[in-house]
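Trainee: quick check, what structure comes out for this input:
(chains A and B)
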Amino acid sequence: MPRIVGIDVPNDKPSFIALRYIYGIGPKLAMDICRKAEFDPQTKAGDLTEDQLSKIATILEADFVIEGQLRRQTQQHIARLRDIKCYRGLRHRRGLPVRGQRTKTNARTRKGPRKTVAGKKSVKEMR
Amino acid sequence: MARSLKKGPYVDEKLFRKVQQQKQSGSREPIKTWARTCTVVPEFVGHTFSVHNGKIFNSVFVTEDMVGHKLGEFSPTRTFRSHTLARRK
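Mentor: Here you go, the predicted structure:
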């Protein structure tokens, strides 16, 4: 099993799929990397030579923001929105959807598990 | 959808003029405004605005980070209501 940039250990999948195990690399970027490093995307990740691996590593370091760095970047962007007290920042603080979705129902991803409130009429009762 | 680059950012002209005046006179009084759709441009940094939210004026002190946002984003129009949090023992 090859190791690319530190911890990532993609398995015996075609390399363009294995590359996606890196946080911040999706279908598009995986193909881009294959093209840049000049190898067949279909070769299994395990069959890549040392040369190719180091080539991938240099490309990743030079051109892409990945893993911890990307996570930190995202956090910083959110922190900025929070600090300036703009609408999006306030939504982040409250843990509510940020992009104008409805919150009367749904929005469970942001709001977490339902907190049942006593005395609130359910949809069934209203009919 | 993003605004066309050709037009540049939307800036309320009257408001912009007022800021320029303040720059010259050096006063830093809050500027009352209803122009919520006005983009914050670098010239606004350091000035205070009173942005209307439909009911009252919220004072907004513009910092560098706010450039590119709209004034309205800093003056919420809705009151946030929630149930009191159930205390957990």
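Trainee: residue contacts, the residue nearest the centre of chain B?
Mentor: Closest to where the C-alpha atoms of chain B average out (CA atoms, centre = their mean) is residue B:71, at 2.4 Å. Residues in contact with residue B:71 (CB atoms under 8 Å, 6 or more residues apart in numbering or on different chains) are B:33, B:35, B:36, B:37, B:38, B:39, B:40, B:49, B:51, B:60. Quick note: C-beta positions are derived from backbone N, CA and C, even for glycine.
Trainee: number of residues surrounding residue A:34?
Mentor: 20 (other CB atoms under 10 Å in any protein chain shown).
Trainee: which two from the contacts of residue B:71 end up farthest apart in space?
Mentor: Maximum pairwise distance in the contacts of residue B:71, criterion CB to CB, is 14.3 Å, between B:37 and B:60.
Trainee: okay, now residue 68: neighbour count?
Mentor: Here I'm looking at chain A. Counted with other CB under 10 Å, residue A:68 comes out at 12.
Trainee: please refer instead to chain B.
Mentor: Using other CB under 10 Å, residue B:68 has 10 other residues around it.
Trainee: before we move on, what about residue A:110?
Mentor: Per other CB under 10 Å, the neighbour tally for residue A:110 reads 15.
Trainee: quick check, it in a helix?
Mentor: Yes. Counting by DSSP: H, G, I helix; E, B strand; the rest coil, residue A:110 is located in a helix.
Trainee: contacts for stretch B:41-61?
Mentor: Stretch B:41-61 is contacted by residues B:9, B:11, B:16, B:19-20, B:22-23, B:28-34, B:36, B:62-64, B:66-67, B:71-72, B:74-77 when judged by CB under 8 Å, 6+ apart.
Trainee: out of those, which sit inside strands?
Mentor: With DSSP state E as the criterion, strands contain B:31, B:32, B:33 from among those.
Trainee: I'd guessed the last one sits against residue B:12; true?
Mentor: Read it as residue B:33. Yes. Counting by CB atoms under 8 Å, residue B:33 touches residue B:12, with 7.3 Å between them.
Trainee: give me the pLDDT for the residue of chain A found nearest chain B.
Mentor: In chain A, the residue that lies nearest chain B is residue A:86 (4.1 Å; CB to the nearest CB). At residue A:86, the predicted lDDT confidence score is 86.
Trainee: how about the nearest residue to it, chain neighbours excluded?
Mentor: residue B:73 (4.1 Å; CB to CB, 6 or more residues apart in numbering or on different chains).
Trainee: and whatever residue of chain B ends up closest to chain A, what does it touch?
Mentor: Closest residue of chain B to chain A, CB to the nearest CB: residue B:73 (4.1 Å). For residue B:73, the contact set (CB under 8 Å, 6+ apart) comprises A:86, A:87, A:88.
Trainee: now the helices for the chain?
Mentor: Looking at chain A here, since you left the chain open. A:15-18, A:27-37, A:50-63, A:67-83, A:87-94, A:108-111, A:123-126 (DSSP state H).
Trainee: to clarify, I was referring to chain B.
Mentor: Using DSSP H, helices in chain B cover B:13-25.
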